[in-house]
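>>> what's the 3D shape of this:
(one chain, ligands or ions: 1)
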Amino acid sequence: MPAKKPHPWWKCSECGYTFQAKPPPPDTCPGCQQKCVFVDVTCYAPECGPGTPDPQLMNTPASERIKK
Ligand SMILES: [Zn+2]
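All right, here's what the predicted structure looks like:
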C-alpha cells in the first residue's frame, strides 16, 4: 500500500530558491519572479527519510546539473 507521498522539493535553476510543492512546479519562481527551470532536489534515498531535500543536490549549483 503506497504511503501518502510528501511533495517533492524544487530548486530554481536561476536563483537557487528551494521550496516544497506539489508537482508540476510553478512556471514562475517565488524567489526571483522569473520563468525558471526547476530541478527536483528531493532525496529519495531511504536514509534521507521521506520528503526531505537532498543535501548533496542542494549544494550542487543548478547550472552544473542542467546542460543548456
Ligand atoms: Zn528563481
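>>> center of this structure - which residue?
Trp10 (2.0 Å; CA atoms, centre = their mean).
>>> Look up which residues are beta-bridged to that residue.
Phe19, Asp40 (DSSP bridges).
>>> Quick one: residues contacting it.
Shown in contact with Trp10 (CB atoms under 8 Å, 6 or more residues apart in numbering): 18-21, 25, 38-41. For glycine as for every other residue, the C-beta is placed from the backbone atoms N, C-alpha and C.
>>> Give me the pLDDT for it.
Trp10 carries a pLDDT value of 95.
>>> do you know how far it is from the ion?
Distance of Trp10 to the ion, given as CB to the ion, to the nearest Å: 10 Å.
>>> And Pro6, by the same measure?
On the measure of CB to the ion, Pro6 and the ion end up 22 Å apart.
>>> wait, that residue sits on Pro50?
Yes. Pro6 lies in contact with Pro50 (CB atoms under 8 Å); the separation is 5.3 Å.
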